[in-house]
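**Q** build me a model:
(chains A and B)
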There are 2 protein chains.
Amino acid sequence: MKKALAIDVGGTKIYNTLVDEAGQIAGEIEKHSTPKEYSEIIDLFKSIISKYEDEVDVIAFATCGAVNNSNDGILGSTGNIAKDYPKTNFKSLSTKPVFVENDANCAAWAEHIIGASKGYPYSIMLTLGTGVGGGIILDNKLYKGKSGAAGEMHFKIARNAKRRCTCGSKDCFEAYASGTGLRLTAVEISGNLDITTYDVIAGLEIGNELMMRIFNTWQNDIINGIIGLADIFDPDVVVLSGSMAEFVNTEYITDAVNKEIVTQPTKVVKASAGNYSGMIGAGLLALKVGVNG
Amino acid sequence: MKKALAIDVGGTKIYNTLVDEAGQIAGEIEKHSTPKEYSEIIDLFKSIISKYEDEVDVIAFATCGAVNNSNDGILGSTGNIAKDYPKTNFKSLSTKPVFVENDANCAAWAEHIIGASKGYPYSIMLTLGTGVGGGIILDNKLYKGKSGAAGEMHFKIARNAKRRCTCGSKDCFEAYASGTGLRLTAVEISGNLDITTYDVIAGLEIGNELMMRIFNTWQNDIINGIIGLADIFDPDVVVLSGSMAEFVNTEYITDAVNKEIVTQPTKVVKASAGNYSGMIGAGLLALKVGVNG
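**A** Got it, this is the predicted structure:
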C-alpha cells in the first residue's frame, strides 16, 4: 500500500507521521516546536524528510497559509510563523514528489474520505479553534477558487465595526465564532475584562445563567454564519472541528439552521477523523494527486 | 442555428422571446402581466408554447424560485406568484424538451457566456433589485449545490436582528443591499419614514450630504457582503446586475473589497448582457443541456 510522509506545519507546532492510502496513520507521530528562525524550519523539514523519504511515495505538507492551485507554494503571507516561510520551495526539499495544501483544506478532505462527511458530495468544514479555518468540498472535490485561496471564513456577520479580526478587517465570522470570539462575547456580556473561555465552559457545567447566556450568544453567532453558508452552498453537511467544537450542540444548531435557511435542509455534525486529520487529509490528497503529478 | 423559446417567469411579469445558440435574441420580445390564477399562468404558457414550439429545439424557462438539479421542477415555495405555481409539471407543457432554471442563475450564465464575466472560470453574480438574487459559476459551471437551490444570498451581515428579510429571517444581505435595503437605510439615517430610494438617488445627483451618507452606508453594506463572498470563493470577478446596480461605483467597490480580503485580488464589474439576460441564459443553458437531455 502506498504511503505518504505527512508534515503538519503550524505556527507553534510541527507534526509528522506516515499516512497510507486508506487514510490510516502508519507510523509514529512526532511533534516539534516550530522554530523561530526560517533556516531552522527548513533544517527541521530536511531532517524529517531524510529520515522517512525512502519509505514513502510522496511528501505531503498540511500547512498554515493559503496554498496555490499547483499545490507547491504558499500564496501571500501567513501570520505567526517566520516571515520567509511562505517563500519555501517545497519541491526542492525531496527527490520524491512533494504536495502542499492548506491545513484546514486537508482536514476537510480527511473528513470527506474517512470522517463525518464521508459519502456526501457537498460539505463545508469549519475549524473552531483560536481562529476559524474553513474547507469546502463541492461535488466530491476540494474547492480552491481561482488562485487556491478559497474557503477563508472572513465573511462579516456584524455591521457595527466592533471587533477587529486577526485578518485586519472587522466583524468577521472568525472574530465571533472562534475561541477568541467566545472570550470577547463573554467580556461584552459580563463586563469582566478578565473572564476566560474556561470560566464560561466551567460555568456552563454548573448551570450558571450568565455563562449560559454568553455561551448561547456565541453559539448563535456560529448558527448565523452557518445559515449564510447553507444558503450560499446548499451543502449536504456542515462539519465542525477544532478545540471549540466539542462544546457546541450540533442537534440544536442543525434545527436552528434549518428553521431559517431558504435552501433545502442540511445537517451540522462534529468532525470524526481525529486530531491528525490535517496530516491524514494531506496524505490522502498527495497520494491521489502527488504521485502522478 | 439551434433556437430556444425562452420564457421568463416573474411575480409581476412574464416575458418570452427566441434565443439562438450564440446567445442572441432571435425573435420578438413579448411581455405579459403575470396572471393571479395558477390556471391562467398555465394557459398563458400553453399559448406562448403553441405559437413558437415548431420553430425551436427546446423550451427554456427562467423562473422565480429555486429549481431542482434535474432542471424540471421548482423546489419549495416561491413568494409573490400563485401558490400552486411551484407544482408545475414543466415537461408536460410541450413535446419538445423543456428546461427550467432559476432566473438569477440564468442571468449569471448569460454574463458568463456573452457578458461581463465572459472568459472567467469563477464568478459570482448579484442581482440588486427590489430583493437580491444570486448566481454562482465555478470552474465554468453553474453551481447548484446538493438540491439545486444554492446561490441564495441570505447570509447575515448584521447581528442586531434589526431588519426582517423577505425570507422570514433577519439581517440578511438582501435586507441591506437591495433597493428595499437602501430605503430602510435611508429611513434609519434620516429619521424620515416617507423617504424613498428616488429621494436618495435624486439627492446624490445634487450632492446632498445626507443623501450621500445614506448612499455610502448602503454601498458599504454591499462591499461588506462582497468581501465575504470573495474570501469564501476566491472568484475572478463579481458581477452586479439589476436596477440598483446602475447607481454603484464598481471601481470604488473593487478597491474597497481588495483592501480587506485575505484571498487574492478580485474585481467587481457591472453586468453587460442586457435586460433580457435571464432569457438569454435560460436559452443558452437549455441549448447546451436540454436538447440532448
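**Q** for the stretch 1-150 of chain A, which residues score under the pLDDT cut-off?
**A** Within the stretch 1-150 of chain A, no range satisfies pLDDT under 70.
**Q** in chain A, which helix is the longest?
**A** The longest helix of chain A (DSSP state H) is helix A:209-233.
**Q** what is that one packed up against?
**A** strand A:123-128, helix A:173-177, helix A:179-190, helix A:197-205, strand A:237-241, helix A:250-260, helix B:209-233 (3 or more C-beta pairs under 8 Å, 6 or more residues apart in numbering or on different chains; DSSP states H and E). Yep, even glycine has a C-beta here, placed from its N, CA and C like the rest.
**Q** list the buried residues of that helix.
**A** A:211, A:213-215, A:217-219, A:221-233 (16 or more other C-beta atoms under 10 Å in any protein chain shown).
**Q** for it, what does the pLDDT average out to?
**A** Mean pLDDT, computed over helix A:209-233, is 98.
**Q** show me the contacts for the residue in the stretch 1-150 of chain A that chain B sits nearest to.
**A** Per C-beta to the nearest C-beta, residue A:145 is where the stretch 1-150 of chain A lies closest to chain B, at 2.6 Å. Listed by C-beta atoms under 8 Å, 6 or more residues apart in numbering or on different chains, the contact partners of residue A:145 are A:151, B:122, B:233, B:234, B:235, B:263.
**Q** if we go to 7 Å?
**A** If a contact means C-beta atoms under 7 Å, 6 or more residues apart in numbering or on different chains, then residue A:145 has B:122, B:233, B:234, B:235, B:263 as its contacts.
**Q** where's the last one, which helix or strand?
**A** This points to residue B:263. Assigned by DSSP states H and E, residue B:263 falls within no helix or strand.
**Q** next up, phi/psi of it, please.
**A** Per-residue torsions, residue B:263: phi -90, psi -170 (degrees, to the nearest 10).
**Q** quick check, it in contact with residue A:152.
**A** Yes: between residue B:263 and residue A:152 there is a contact under C-beta atoms under 7 Å: 5.7 Å.
**Q** what's the overlap in contacts for those two?
**A** residue B:231.
**Q** from residue A:149, how far out is the residue nearest the centre of chain A?
**A** Centroid-nearest residue in chain A: residue A:104, 2.9 Å away (criterion: C-alpha atoms, centre = their mean). Look at residue A:104 and residue A:149: by C-beta to C-beta, to the nearest Å, they are 12 Å apart.
**Q** for the stretch 151-293 of chain A, which residues are neighbours of chain B?
**A** Neighbours of chain B within the stretch 151-293 of chain A, by C-beta under 7 Å from any C-beta of the partner chain: A:151-152, A:154-159, A:167, A:169, A:224, A:227-228, A:231-236, A:260, A:262-264.
**Q** what about 8 Å?
**A** The stretch 151-293 of chain A comes close to chain B at residues A:151-160, A:167-169, A:171, A:173, A:176, A:221, A:224-225, A:227-229, A:231-236, A:260-264, as judged by C-beta under 8 Å from any C-beta of the partner chain.
**Q** buried ones from those, can you make that a PyMOL selection?
**A** Selection command for PyMOL covering only the buried members of those, criterion 16+ other C-beta under 10 Å:
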select buried, chain A and resi 151+152+153+154+155+156+157+158+159+167+169+171+173+176+221+224+225+227+228+229+231+232+233+234+235+236+260+261+262+263+264
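**Q** show me what contacts residue A:184?
**A** So residue A:184 contacts A:163, A:175, A:176 (C-beta under 8 Å, 6+ apart).
**Q** whoops, I mixed them up, residue A:180
**A** Applying C-beta under 8 Å, 6+ apart, the residues near residue A:180 are A:130, A:131, A:166.
**Q** residue A:129 contacts residue A:182, doesn't it?
**A** No: if you go by C-beta atoms under 8 Å, residue A:129 and residue A:182 don't touch, sitting 11.1 Å apart.
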